[in-house]
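Colleague: Build me a model:
(one chain, ligands or ions: 1)
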Amino acid sequence: MASAPTTKAAAGAAAQDPILKVEHLSMRFGGLMAINDLSFECRRGDITALIGPNGAGKTTVFNCITGFYKPTMGMMTLRQKGGQDYLLERLADFEITKRAKVARTFQNIRLFTGLTVLENLLVAQHNALMRASGYTILGLFGFPAYRKASKESIELARYWLDKASLTERADDPAGDLPYGAQRRLEIARAMCTGPELLCLDEPAAGLNPRESLALNTLLQGIRADTGTSILLIEHDMSVVMEISDHVVVLEYGQKISDGTPDFVKNDPKVIAAYLGVEDDEVEEVIAEVEEVAHEVEGGQK
Ligand SMILES: Nc1ncnc2c1ncn2[C@@H]1O[C@H](COP(=O)(O)OP(=O)(O)OP(=O)(O)O)[C@@H](O)[C@H]1O
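Modeller: Below you'll find the predicted structure:
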């Protein structure tokens, strides 16, 4: 059965130990070293953002963590609340979801568009329901365990419908929802699998400011109410700076900065990577930008 949300107190009590340790990760595609000796940690209960310019290797890291790619080298250790360790590079993708409890969403939304919103959340709990049925037709009708599991599945789906502000759309086909609501449904569906680590690939992409705000509220709620750790790739810096506890910055497959949003925002290496200039040119470029901004301001007065 997918785990029900824990209380705020329990979430707060979660020690700040790493839930995920990535050590010396490398991924080569032919002659291209997409990830080169990358190490970082995600602390339990934190929202960690992985950022960097286009082609820096963010999605490749996600694909390694979630088992879509087998890394050329390196270790990725997922430590669950109970202390159980999983070496993700040794697990098949379905085992990473099922046993290690890592859930993910994709850059392109992947919902069952013909099913209703509620059905999408119930399908996510299919594994738990099948287990409770004893994998028999008889079990589907007769086992009290199945009836209990199916009641719990509906309760969990209702909980996430509410958290994602989708209760009123529960019976509508998922494909009829506006874009921002589809993104929230995808996250709610991932949460119905009871993950310890939720990986989100550009959750704010294509959202308008109102939808972006609803997304922030949902993610902050997940952190506060369930203690689930979140790792996200995001280009929208307003989302990253507002909700992240910790930011890891990649450039050309290597880590160039790692720290709090404030630290990273002011790190000359990060500014240089985003501006596409050398580190020692950053101050000069910033001074030029400030000068232009003053001129524009002066012209507007
Ligand atoms: N399956 C693949 N085969 C060959 N090269 C790949 C593959 N996947 C990614 N790459 C290359 O690896 C590098 C990193 O790509 P990746 O998609 O991980 O970057 P990213 O930081 O997620 O970029 P974006 O922000 O544009 O999504 C790029 O040069 C990309 O072309």
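
Colleague: Tell me where the stretch 1-150 of the chain is predicted with low confidence.
Modeller: 1-16, 124-150 (pLDDT under 70).

Colleague: Kindly report the residues of it close to the ligand.
Modeller: Counting by C-beta under 6 Å from any ligand atom, the stretch 1-150 of the chain comes close to the ligand at 29, 32, 34, 52, 54-60. To be clear about C-beta, it is placed using only N, CA and C from the backbone, and glycine gets the same treatment.

Colleague: which of those residues count as buried?
Modeller: Listed as buried from these are 34, 52, 56-60; burial here means 16 or more other C-beta atoms under 10 Å.

Colleague: my read: residue 194 touches residue 101, true?
Modeller: Yes: counting by C-beta atoms under 8 Å, residue 194 does reach residue 101; the two are 6.5 Å apart.

Colleague: And those two? Which one has more around it.
Modeller: residue 101 (22 against 19; other C-beta atoms under 10 Å).

Colleague: helix or strand for residue 103, which one?
Modeller: Per DSSP states H and E, residue 103 falls inside strand 102-105.

Colleague: contacts for that strand?
Modeller: With C-beta atoms under 8 Å, 6 or more residues apart in numbering as the test, strand 102-105 has contacts from 62, 65-66, 78, 88, 96-97, 183, 186-187, 190-191, 193, 195-201, 203.

Colleague: next SSE after it?
Modeller: Per DSSP H and E, strand 102-105 leads on to helix 117-123 as the next helix or strand towards the C-terminus.

Colleague: So which elements touch the helix or strand hosting residue 218?
Modeller: Per DSSP H and E: residue 218 is located in helix 209-226. Other elements packing on helix 209-226 under the criterion 3 or more C-beta pairs under 8 Å, 6 or more residues apart in numbering; DSSP states H and E are helix 8-13, strand 47-51, helix 144-163, helix 179-191, strand 229-233, helix 237-243.

Colleague: angle of the fifth one against strand 47-51?
Modeller: Here strand 229-233 runs at an angle of 20 degrees relative to strand 47-51 (axes from the mean of the first three to the mean of the last three C-alpha atoms, to 10 degrees).

Colleague: coming back round to it: can you put the helices and strands packed on helix 209-226 in a markdown table and add distance to residue 83 and mean neighbour count?
Modeller: Formatted as a markdown table, the helices and strands packed on helix 209-226 follow (distance: least, C-beta to C-beta, whole Å; neighbours: other C-beta atoms under 10 Å):
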| stretch | distance to residue 83 | mean neighbour count |
| --- | --- | --- |
| helix 8-13 | 15 | 12 |
| strand 47-51 | 21 | 25 |
| helix 144-163 | 25 | 17 |
| helix 179-191 | 23 | 22 |
| strand 229-233 | 15 | 25 |
| helix 237-243 | 28 | 17 |
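
Colleague: Kindly reformat the ones you listed as a markdown table and extend each row with distance to residue 115.
Modeller: As requested, these are exported to a markdown table (distance: least, C-beta to C-beta, whole Å):
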| stretch | distance to residue 115 |
| --- | --- |
| helix 8-13 | 31 |
| strand 47-51 | 29 |
| helix 144-163 | 12 |
| helix 179-191 | 11 |
| strand 229-233 | 25 |
| helix 237-243 | 28 |
